[in-house]
Every structure is written in structure tokens, then in C-alpha cells.
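> generate coordinates for the sequence data below:
(chains A and B, ligands or ions: 2)
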Amino acid sequence: MDGTIPATEQMNSGAEAVLRALKAQGVDVIFGYPGGAVLPIYDAIFQQTEIRHILVRHEQAAVHAAEGYARSTGKVGCVLVTSGPGATNAVTGLVDALMDSIPLVCLTGQVPTHLIGNDAFQEADTTGITRQATKHNYLVKKSADLVRVVHEAFHVARTGRPGPVVIDLPKDILINPAPYHEPTAKVHRSYRPRTEPDTAKIKEAVALLKRAKHPVVYAGGGIVNAGPEASRLLTEFVRLTGMPCTNTLMGLGTFPASDPQFLGMLGMHGTYEANLTMHGADVMLNIGARFDDRVTGRLNAFAPSSKKIHIDIDPANINKSVAVDIPIVADACNALKALIEAWNADPTPQDKDALAQWWAQIDIWRAKQSLRYTQSRDPGSIIKPQYAIEQLYKATRGRETYVTTEVGQHQMWAAQYFKFEKPNRWMTSGGLGTMGYGLPAAMGVQVAHPDALVIDIAGEASILMNIQEMSTLAQYRLPVKVFILNNHYMGMVRQWQELLHGSRYSNSYSEALPDFVKLADSFHGVGLRAETVDDLDRVIAEMIATDKPVIADICVDEKENVFPMIPSGAAHNQMLLGPEHDDAGQPAVTSAGKALV
Amino acid sequence: MPDNHLRSATISVLVENEAGVLARVIGLFSGRGYNIDSLTVAPVERDGSKSRITVVTQGTDMVIEQIKAQLDRLVPVYKVLDLTEGPHLSRELALIKVIGIGEKRQEALRLADAFRARVIDATTESFTFELTGATDKLDAFLDLMRPLGLAEVSRTGVAAIARGAKTIG
Ligand SMILES: Cc1ncc(C[n+]2csc(CCOP(=O)(O)OP(=O)(O)O)c2C)c(N)n1
Ligand SMILES: [Mg+2]
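Ligands and ions are numbered 1, 2, ... in the order given. Here you go, the predicted structure:
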């Protein structure tokens, strides 16, 4: 921060100064794991009660837990790890938060300043390693800078496009006395993200939208980051204008799934109606999404005849992969306010007839029921994974429910079949696609919302990537529910091998799985299993009713694939539908498409 | 995108003079696959608090816009200016060692004079020239020196500034 130095007070140790700064920044929970370099902070934590420390079992999990905490509360998540392996273990979580714009501050221990560069025990070049893994990072070399850096880190993490910030703290800086000062309101010298939209551009956008015959609103995770008010304004705007609205994976919950104007998720596994509406649109309003390749499909065939309006807080997201006609750099909430105002002020009448025809077309696409599947109810029938999610959703309706996921088919089914009415209820690793995200993220959510129902929708392969966190759940009595869609395969890998690699299932079978029921038991939780459709509802009900960590092992159809699917390198109108549909096709994947991920 | 035409851009970046800022800029270029044709950096503020980085890069208009936006979002960056958008001056400096005797040595000296290169060191068998100018002028001079005993070159890379009263601010 700039300008005059505020009144300072000497603290006995840097560690105490750090804790005081964290409190001033509103931190009430730290997710962490101790080690030599951060012992001074652990000592300071021991001597106070305001900040709670959750001891995870792996540093990657500390970061994901902080992500879950942050995403479900809108606050900055806080992480504490030691030097060397503590910091390197945290890197995956940091990149995950960077890709999904999750505000975090991660404190890493470092060897004392005089040893830096000496290959000291547990030394790693943490700022070097995390430079491309964070929004920004700091190495504190002087006690006088310590508190300023902590305050600044929170400011950087939460403002603009949010993201993870690392503060590397040499041990001597934590031990030596350090001055403390309160956060200042002064603006940062060089970092000044733009949040207010250009009103002329907003008017242009409204003019375009008023004249649209085939409009679509495409809203993403930026709306979640802009706070619940942004979701309320999005809903108001979409209803005001009568336009269809689709969400990205990260944006689910920002527009109520039950609203008739909602088309479902778009993109690689989006609904038929969402993708065809995008493809046929003449005006597209993108708010808080970044034209990710999972959304656009083949770029030169993406919404070919549309004029595009793009509202994003990050100027670097604009014109990155898709050229847009009206770029607007702003916070989504401010932009939506301005849009609503400008819409009401613009006297141009909407072409209601064209809009009605557009909806008639959309209804034809909807009638295709692209998410249709068949669940046999005969006793002993195998459970379809889609049905398991639908039943789970039905059983949790009306409750305060938060859902996290791992990565794979189960994640896509969760996105397709679980319905979200509000933002901050859905936590998934979108950008990085990190298996092992869901359980620790659920832990962070449950810490923030102790009375809520928190479910990690998992795959049997992903869950093993951070299964050690069951121990953390037991220690802190966090009744997280792990709902495993157990298909005995890395299903998403198997699906790609089936469709793109001649059904050669190389290394994608989940061999030698643990007995998840016994596993839950040995971690002081409750294990349940549903083997057939007859067991499903009972297991779900029991899971929800259990006030302990639960692993529900749901045995599902091993060969089920996620549909619709836009194969890599294909366009939105080249979607594959499931076997339920007469026109279910084989993918025409080009070799260029095969090279894509 | 219809416009695949590559252009060269000279971009000035005013940054907070803090540890790691150059690594951040270079990491951005390597991480996102952008070219660096030339890169210079030095403090420009009297108290040493700000540095100016000048980077010469190539790309389509869309890529160059992306580079500027990516640079601008780095926390320690104050200002990003694409000098190629307007009239500007680019200069670099080269120290050039030429080893030779007899006629070639005479010729090198004559050409150096024509290019206004200064002799800053000389022995009976070598000259070291100092030459300042636009990149293509330096290139042209080096081409001429090559057959005349060009032995070693050290170049600073490009420093650039807008013409007229316009500043990076
Ligand atoms: C850390 C990590 N490693 C590898 C992958 C690649 N990957 C994506 S989905 C997947 C399979 C996941 O299997 P499972 O958890 O059983 O989920 P399913 O697809 O069967 O629902 C793999 C290996 C990944 N996303 N993350
Ligand atoms: Mg699986």
C-alpha cells in the first residue's frame, strides 16, 4: 500500500504480527500442516483462541479445503504450510485456485534468510516454483515489510480477478520482533483492477441486445466471485429481458436451475438445447466466463453468426481465444446493475415475435431430452449413475446442501443432474480438473457451514487421491458425505478410450480397490453400500441421516458414458447423443481433434 | 481469426522495482509461448523504485493485445505501452570487436567512420567499436564487419520511447 506509514506497534515476534494481521483480515480458520520452518507460527496459534487451525493430513488438501471454504463463503481462504515439501505439496492446490479464480492466501515457511540459496534442509525456491502458480507471491526479507505484505496479499487475493497469493516467510522473520499496523485504505501503487464498466459500452451492448432476434446469456464463475448480489441481478436481468440463459460448469447456481429460462449447462457435456442455442445465437452476452475450450469446442465454428458481448473483470480474458464485438471490463455485479439500468432507459422495443419464435425453436431442442436415460426398476437392477445423482438430488431438496466433486464422469453427471438454485453451493475443479479436490474441498465447506449437508460426489479412483482426509473429518467431527459413483473404472478415461482409441482400455480399470465400507469404518466414519437399485434410496436416506462422516459406495453401471458430448475439435452442432436417441452417433473425430485434450 | 498477419511490437512496461519482477515478465512470455526478440531492463526512477522493461515481440494483433493485457495484470506493473502504435524511437548499443591487420583493418575503420561508430579501444591487431542506433543499422554494420574480422559482439537490446510530448505516465 502507498503513502504514509500508519501507526505501528512493536510485536514480540513476526509470528504474532502475522496472526494479528490475519485476524484483522477476517481470518477465522487456517488449514495447515506444521514443520520446522513454521513452528513460530504454530506457537503463536497455540497461544490464542480466535483463529481456529484445522490440521489436514496432506498440504494439497489444505489448499483445496481453503478453496472449498472460500468458494462457499465468498471469503479469502487461508493456508499454512512448512518450507520445502510442505510448499511443494501445496502447488497443485495453488494452480487449481489460480485456474478457477479462488481467493486464497497461503503462508509458506522458509529457511532463515541467511541460509536462502544454500540448499539448506527443507529449502525450496518457493517463490520461484509458485510464481506461475499464483496470482502473486512474496518473499519477506525484512521484518519491517512483514505486516504490509500480509495485508497486501489479502487485498490482491480478493480484488480484481481473485486468485491465490503465496507469502514465503523465512524463519528468522517469524522469530524476530516485527512492527504491526492495521490495514490501510490506501490504494496499491501499481495494482488497480478496474471494476466499473464503461457506460458507453453498456449502452452499446443494450442496443445490440434489444435488437437481437436470437439472444443468449452465457454466465460463468465470475458471477459467483462477484457475490450473491450478482446472481440476483443476473436472474433479474434474464427475467427482465426474457432471454434464454445457460451456465458454465463454474457458473452453476448463479441462475436458478428450476427457472424455465434456464437451458442447463453448456459445453462439452452441456445440454443439446444449451449448445444449439449458443450455436444459433445472433447476440451472445457472456458475463463472467472465459470462452474456455471445454465450452467453445472448435473455435472457428463457435457461435458463427453471433455478435458477442463479453463482460469480464480480467482484461486478459477478453479477445484471448474468441474475438468479441463489445468488450466490457468490469465486476459482474456492477456491470449487471448498469445493464439493467440501461435496458430500462433504452426506449427501443424488443422484437418480441422473434424472441417467441426463438423460444419455440429452443423448445424443440429441449424436447429432445438430451439427458434422458433408462433406469430399470426390476429388483436387482444395476444402478445408472445418472439415476443415483437424481435420487440424491431429490433426497436433499429443501435442505441447506453443498456439493463438491472429484473429477471424471461423476463430476459431469453431478453437473447435469444435480440442480442448483443459489450460488456458492457447488464446488468443483473446473479449470485444472484436479482429481482429489472434492473431499478436502468438502471439508473446507463443512468447516464454514457446520450445520449444512455437505456431499462430495466422487469417483472410486479420484477419492483415493486425498482419502487420508477422512482422518481430518473424524478429528474435527465434520460429517461430510462421500457419495462414490463406483464404476470400477477411471470412467472418463475409459470413455475417451472407447470413443477415440478403439476401446483399448489401457490402465483405466480400477484394480484392487479397497472395501470402502470398511475403509470408512477404520477412519471412524460410517460405510454404506448400494449394490442394486433396490438399495439406493435407503442408502441415500441413511447417509443423510448420519451425523458422522459417511462413505456411500454406490455400485453403478461400469459402461455408462457421459452424453451429450461434443468430441474434441468438433462444433456445438456436432454433438453426440446417448444410446437413448435414434440419432446417437459415433464420433467423427479428426486426427486434429484427437490431439486435443 | 481472419488476421494471421504477424507484426513486431515494441512494448514498454513500467514496473515496481522489486525482486522477481523480471522473472515474472519472462515467465509470462515462456509460459504462454510468446516470442522475445529483445528485452532490456533498468531502473528509471531517481530513488530506484521503478524500472522500465522494453520488450520487442512478434505476434498477430490478437496475440499482441493478449501480451499487453497479460503484462498489465501483473501486480507490480504500473503501465504497459505499445510504442508501435505511434511514432517512436528505438535505439540499441553494440560493442563490436574486429580483429585484423592491413587493408581489412583500414576498411573496417573507414566503414566505422561512415556509420559513426566510435573506437573505444584499439590495439595493433584489433578495434573495439561502440555503435548506437536502430536495430537494423546495427545489423547492417555487423554484416559489413563480418568479412573484415568481426570477432565478438555485445548488444544491449532495444530501448525505446514515444516521439513528441507523449510519456508512459
Ligand atoms: C490428478 C489427476 N490425474 C489424472 C487426471 C486425468 N483423469 C481425468 S478423469 C480421470 C478418471 C477419474 O476416475 P474416477 O474418479 O473413478 O471417476 P469416473 O470418471 O469413473 O466417474 C482421470 C484419471 C486428473 N483429472 N487429475
Ligand atoms: Mg470411476
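> would you mind listing what in the stretch 451-597 of chain A touches ligand 2?
Within the stretch 451-597 of chain A, the positions lying close to ligand 2 (C-beta under 5 Å from the ion) are A:459-460, A:487, A:491. In short, each C-beta sits where N, CA and C put it, glycine included.
> for the residue nearest in space to the middle of chain A, list the residues it contacts.
Residue closest to the average C-alpha location in chain A (C-alpha atoms, centre = their mean): A:Thr428, at 4.1 Å. For A:Thr428, the contact set (C-beta atoms under 8 Å, 6 or more residues apart in numbering or on different chains) comprises A:249-250, A:404-405, A:407, A:411, A:414-415, A:437-438.
> filter the residues you listed down to just the ones in helices.
A:411, A:414-415, A:438 (DSSP state H).
> just the buried residues from those, in PyMOL please.
Burial among these is assessed by 16 or more other C-beta atoms under 10 Å in any protein chain shown; the matching PyMOL selection reads:
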select buried, chain A and resi 411+414+415+438
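> which residues touch the residue of the stretch 451-597 of chain A found nearest ligand 1?
Closest residue of the stretch 451-597 of chain A to ligand 1, C-beta to the nearest ligand atom: A:Gly459 (2.3 Å). Listed by C-beta under 8 Å, 6+ apart, the contact partners of A:Gly459 are A:406-411, A:435, A:484-487, A:490-491.
> tell me what the longest strand belonging to chain B is packed against?
Counting by DSSP state E, the longest strand found in chain B is strand B:88-99. Helices and strands touching strand B:88-99, by 3 or more C-beta pairs under 8 Å, 6 or more residues apart in numbering or on different chains; DSSP states H and E, are strand B:126-133, helix B:135-145, strand B:150-155, strand B:159-162.
> partners of that strand, with directions?
Strand B:88-99 has the following strand partners under DSSP bridges: strand B:126-133 (antiparallel), strand B:150-155 (antiparallel), strand B:159-162 (antiparallel).
> quick one: is stretch A:152-164 near chain B?
Yes: applying C-beta under 8 Å from any C-beta of the partner chain, one finds stretch A:152-164 in contact with chain B at A:156, A:160-161.
> just the helices in chain B please.
Assigned by DSSP H, the helices in chain B fall at B:21-31, B:61-72, B:103-114, B:135-145.
> buried sites along the last one?
Think helix B:135-145. Quick answer for helix B:135-145 (16+ other C-beta under 10 Å): B:135, B:137-138, B:141, B:144-145.
> report the distance from the helix or strand bottoming out on mean pLDDT in chain A to the chain centre.
Lowest by mean pLDDT, DSSP states H and E among the helices and strands of chain A is helix A:591-594, with a mean of 70. How far helix A:591-594 lies from its chain's middle: 28 Å, per C-alpha atoms, centre = their mean, to the nearest Å.
> would you map the helices across the stretch 101-250 of chain A?
Taking DSSP state H, counting those that start in this stretch, the helices of the stretch 101-250 of chain A run over residues A:126-130, A:143-158, A:171-175, A:199-210, A:221-225, A:228-241.
> residues in contact with the residue lying closest to A:Pro112 once chain neighbours are set aside?
Of all residues not flanking A:Pro112 in the chain, A:Asp172 sits nearest, at 4.1 Å (C-beta to C-beta, 6 or more residues apart in numbering or on different chains). With contact set as C-beta under 8 Å, 6+ apart, A:Asp172 has these partners: A:112-114.
> so A:Ile54 lies in a helix, does it not?
No: counting by DSSP: H, G, I helix; E, B strand; the rest coil, one finds A:Ile54 to be strand, located in no helix.
> what residues sit buried inside stretch B:123-138?
So, applying 16+ other C-beta under 10 Å, buried residues of stretch B:123-138: B:126-129, B:131, B:133, B:135, B:137-138.
> helices - which of the residues of the stretch 451-597 of chain A next to ligand 2 land there?
Reading helices off these with DSSP H, I get A:Gly491.
> format the residues of the stretch 451-597 of chain A next to ligand 2 as CSV; extra columns: distance to A:Ser321.
Formatted as CSV, those follow (distance: C-beta to C-beta, whole Å):
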residue, distance to A:Ser321
A:Gly459, 29
A:Glu460, 34
A:Asn487, 33
A:Gly491, 28
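> can I get the buried part of the residues of the stretch 451-597 of chain A next to ligand 2 as one ChimeraX selection?
What follows is the ChimeraX syntax selecting those of these that are buried according to 16+ other C-beta under 10 Å:
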select /A:459,460,487,491
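> can you add neighbour count and pLDDT and give the residues of stretch A:152-164 next to chain B back as CSV?
As requested, the residues of stretch A:152-164 next to chain B are arranged in CSV below (neighbours: other C-beta atoms under 10 Å in any protein chain shown; pLDDT from 0 to 100):
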residue, neighbour count, pLDDT
A:Val156, 24, 98
A:Gly160, 22, 97
A:Arg161, 21, 98
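> out of the residues you listed, who's nearest ligand 2?
A:Arg161 (32.8 Å; C-beta to the ion).
> so how far is A:Asn317 from that closest one?
8 Å (C-beta to C-beta, to the nearest Å).
> before we move on, what about A:Ala367?
For A:Ala367, the distance to A:Asn317 - C-beta to C-beta - is 35 Å.
> when those two are compared, which one has more neighbours?
More neighbours surround A:Asn317 than the other of A:Ala367 and A:Asn317, with 27 against 10 (other C-beta atoms under 10 Å in any protein chain shown).
> that one and A:Arg290 touch, don't they?
Yes: in this structure, A:Asn317 is within contact of A:Arg290 by C-beta atoms under 8 Å, at 4.5 Å.
> report the buried residues of the host helix or strand of A:Ala360.
Here A:Ala360, judged by DSSP states H and E, is contained in helix A:352-367. Under the neighbour-count criterion of 16+ other C-beta under 10 Å, helix A:352-367 has A:355, A:358-359, A:362, A:365-366 buried.
> near ligand 1, which of these show up?
Among those, not one lies near ligand 1 by C-beta under 6 Å from any ligand atom.
> what's the closest non-adjacent residue to the residue in chain B positioned nearest to ligand 1?
Closest to ligand 1 within chain B is B:Gly31: 20.1 Å, counting by C-beta to the nearest ligand atom. Distances taken as C-beta to C-beta, 6+ apart place A:Gln132 nearest to B:Gly31, at 5.3 Å, with adjacent residues excluded.
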